[in-house]
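*Asks:* Sequence plus predicted model, see below.
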Amino acid sequence: MDQFQTLSYLQMALNTNAIYTAATFFILWVAFRFAGKMREGESTMLGRVLTSLFGLMIIWNGLILFSSRNFSISSAASGLKSIKASGQALGAQAEAFLTVPFVTSASANTQFSIFSDIPSLIFWLVVTVMLLSVIWMPVTAKKST
(Lines give C-alpha, C1' and ligand atoms only; values in the text may rest on other atoms or scores of the structure.)
Protein backbone atom coordinates (compact mmCIF):
# COMPACT_ATOMS: atom_id res chain seq x y z
CA MET A 1 0.00 0.00 0.00
CA ASP A 2 1.33 3.45 -0.81
CA GLN A 3 0.95 6.72 1.06
CA PHE A 4 -2.01 7.88 -1.03
CA GLN A 5 -3.99 4.75 -0.18
CA THR A 6 -3.02 5.01 3.49
CA LEU A 7 -4.15 8.62 3.74
CA SER A 8 -7.32 7.88 1.73
CA TYR A 9 -8.28 5.05 4.07
CA LEU A 10 -7.59 7.31 7.03
CA GLN A 11 -9.81 10.02 5.54
CA MET A 12 -12.64 7.52 4.99
CA ALA A 13 -12.29 6.23 8.53
CA LEU A 14 -12.32 9.75 9.99
CA ASN A 15 -15.37 10.73 7.91
CA THR A 16 -17.26 7.67 9.11
CA ASN A 17 -16.16 8.33 12.68
CA ALA A 18 -17.39 11.93 12.45
CA ILE A 19 -20.85 10.82 11.31
CA TYR A 20 -21.11 8.28 14.12
CA THR A 21 -19.85 10.88 16.60
CA ALA A 22 -22.60 13.30 15.58
CA ALA A 23 -25.18 10.54 15.98
CA THR A 24 -23.74 9.54 19.36
CA PHE A 25 -23.90 13.10 20.66
CA PHE A 26 -27.50 13.39 19.43
CA ILE A 27 -28.49 10.20 21.24
CA LEU A 28 -26.58 11.42 24.32
CA TRP A 29 -28.65 14.61 24.18
CA VAL A 30 -31.77 12.43 24.09
CA ALA A 31 -30.57 10.59 27.21
CA PHE A 32 -30.05 13.90 29.02
CA ARG A 33 -33.53 14.99 27.93
CA PHE A 34 -34.97 11.77 29.38
CA ALA A 35 -33.07 12.36 32.58
CA GLY A 36 -34.22 15.97 32.79
CA LYS A 37 -37.86 15.04 32.22
CA MET A 38 -37.59 12.37 34.89
CA ARG A 39 -36.14 14.89 37.30
CA GLU A 40 -38.97 17.35 36.68
CA GLY A 41 -41.80 14.91 37.37
CA GLU A 42 -42.46 11.78 39.30
CA SER A 43 -40.11 9.04 38.25
CA THR A 44 -40.27 5.36 39.02
CA MET A 45 -37.35 3.16 39.92
CA LEU A 46 -37.82 1.27 36.65
CA GLY A 47 -37.63 4.52 34.70
CA ARG A 48 -34.44 5.53 36.46
CA VAL A 49 -32.82 2.16 35.87
CA LEU A 50 -33.80 2.06 32.20
CA THR A 51 -32.62 5.62 31.60
CA SER A 52 -29.35 4.83 33.37
CA LEU A 53 -28.83 1.73 31.21
CA PHE A 54 -29.68 3.69 28.07
CA GLY A 55 -27.18 6.40 28.98
CA LEU A 56 -24.46 3.93 29.93
CA MET A 57 -24.84 2.14 26.58
CA ILE A 58 -24.44 5.46 24.78
CA ILE A 59 -21.36 6.29 26.84
CA TRP A 60 -19.87 2.85 26.08
CA ASN A 61 -20.53 3.46 22.39
CA GLY A 62 -18.78 6.84 22.68
CA LEU A 63 -15.74 5.24 24.30
CA ILE A 64 -15.53 2.68 21.50
CA LEU A 65 -15.99 5.40 18.90
CA PHE A 66 -13.22 7.63 20.28
CA SER A 67 -10.93 4.59 20.60
CA SER A 68 -11.66 3.65 17.00
CA ARG A 69 -10.60 7.13 15.89
CA ASN A 70 -7.30 6.81 17.75
CA PHE A 71 -6.76 3.34 16.32
CA SER A 72 -7.30 4.65 12.78
CA ILE A 73 -4.83 7.47 13.32
CA SER A 74 -2.18 5.25 14.88
CA SER A 75 -2.62 2.61 12.16
CA ALA A 76 -2.16 5.22 9.45
CA ALA A 77 0.92 6.62 11.20
CA SER A 78 2.36 3.13 11.53
CA GLY A 79 1.70 2.45 7.86
CA LEU A 80 3.33 5.69 6.77
CA LYS A 81 6.35 5.00 8.97
CA SER A 82 6.77 1.55 7.42
CA ILE A 83 6.52 3.05 3.93
CA LYS A 84 9.18 5.58 4.89
CA ALA A 85 11.37 2.85 6.42
CA SER A 86 11.19 0.87 3.18
CA GLY A 87 13.00 3.71 1.42
CA GLN A 88 10.11 5.42 -0.31
CA ALA A 89 9.92 9.19 -0.04
CA LEU A 90 6.78 10.54 1.58
CA GLY A 91 4.90 13.54 0.28
CA ALA A 92 4.53 16.79 2.18
CA GLN A 93 1.11 15.84 3.58
CA ALA A 94 2.33 12.50 4.90
CA GLU A 95 5.43 14.05 6.46
CA ALA A 96 3.32 16.77 8.06
CA PHE A 97 0.89 14.15 9.36
CA LEU A 98 3.71 12.29 11.08
CA THR A 99 4.87 15.44 12.91
CA VAL A 100 1.52 16.27 14.55
CA PRO A 101 1.95 15.75 18.34
CA PHE A 102 -1.07 13.50 18.95
CA VAL A 103 -0.13 11.37 15.94
CA THR A 104 3.42 10.77 17.12
CA SER A 105 2.21 9.78 20.58
CA ALA A 106 -0.55 7.55 19.19
CA SER A 107 1.61 5.80 16.62
CA ALA A 108 3.68 4.01 19.25
CA ASN A 109 0.78 1.67 20.03
CA THR A 110 -1.32 0.25 17.20
CA GLN A 111 -3.39 -1.95 19.51
CA PHE A 112 -7.07 -1.09 19.90
CA SER A 113 -7.50 0.14 23.45
CA ILE A 114 -10.20 2.11 25.22
CA PHE A 115 -7.68 3.39 27.75
CA SER A 116 -5.07 4.75 25.31
CA ASP A 117 -6.63 8.22 25.06
CA ILE A 118 -6.76 9.66 28.59
CA PRO A 119 -8.50 12.98 27.70
CA SER A 120 -11.33 11.10 25.97
CA LEU A 121 -11.59 8.75 28.90
CA ILE A 122 -11.87 11.71 31.29
CA PHE A 123 -14.49 13.32 29.03
CA TRP A 124 -16.70 10.22 29.07
CA LEU A 125 -16.18 9.80 32.81
CA VAL A 126 -17.43 13.36 33.38
CA VAL A 127 -20.41 12.72 31.08
CA THR A 128 -21.20 9.55 33.05
CA VAL A 129 -21.10 11.38 36.38
CA MET A 130 -23.25 14.20 35.01
CA LEU A 131 -25.88 11.88 33.56
CA LEU A 132 -26.11 9.62 36.58
CA SER A 133 -26.25 12.57 38.96
CA VAL A 134 -29.17 14.07 37.02
CA ILE A 135 -30.97 10.74 37.24
CA TRP A 136 -30.16 9.66 40.80
CA MET A 137 -29.45 12.78 42.88
CA PRO A 138 -32.37 13.84 45.08
CA VAL A 139 -34.40 16.81 43.92
CA THR A 140 -34.31 19.68 46.38
CA ALA A 141 -37.55 21.51 47.02
CA LYS A 142 -37.74 24.95 45.46
CA LYS A 143 -38.44 27.85 47.82
CA SER A 144 -41.55 29.78 46.99
CA THR A 145 -41.58 33.55 47.41
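*Replies:* Arrived safely, thanks for sending.
*Asks:* Does anything pack onto the helix or strand hosting F4? Which helices or strands?
*Replies:* Under the criterion of DSSP states H and E, F4 resides in helix 3-40. For helix 3-40, the helices and strands in contact under the criterion 3 or more Cβ pairs under 8 Å, 6 or more residues apart in numbering; DSSP states H and E are helix 45-85, helix 92-99, helix 118-136. The way it works is simple: take the backbone N, C-alpha and C, and place the C-beta from them, glycine included.
*Asks:* Reformat those as a markdown table; add distance to A13.
*Replies:* Below are the helices and strands packed on helix 3-40 laid out as a markdown table (distance: least, Cβ to Cβ, whole Å):
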| stretch | distance to A13 |
| --- | --- |
| helix 45-85 | 4 |
| helix 92-99 | 14 |
| helix 118-136 | 16 |
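*Asks:* need the ones you listed in JSON lines with mean neighbour count and mean pLDDT, can you?
*Replies:* Conversion of the helices and strands packed on helix 3-40 to JSON lines gives the following (neighbours: other Cβ atoms under 10 Å; pLDDT from 0 to 100):
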{"stretch": "helix 45-85", "mean neighbour count": "17", "mean pLDDT": "93"}
{"stretch": "helix 92-99", "mean neighbour count": "14", "mean pLDDT": "88"}
{"stretch": "helix 118-136", "mean neighbour count": "15", "mean pLDDT": "95"}
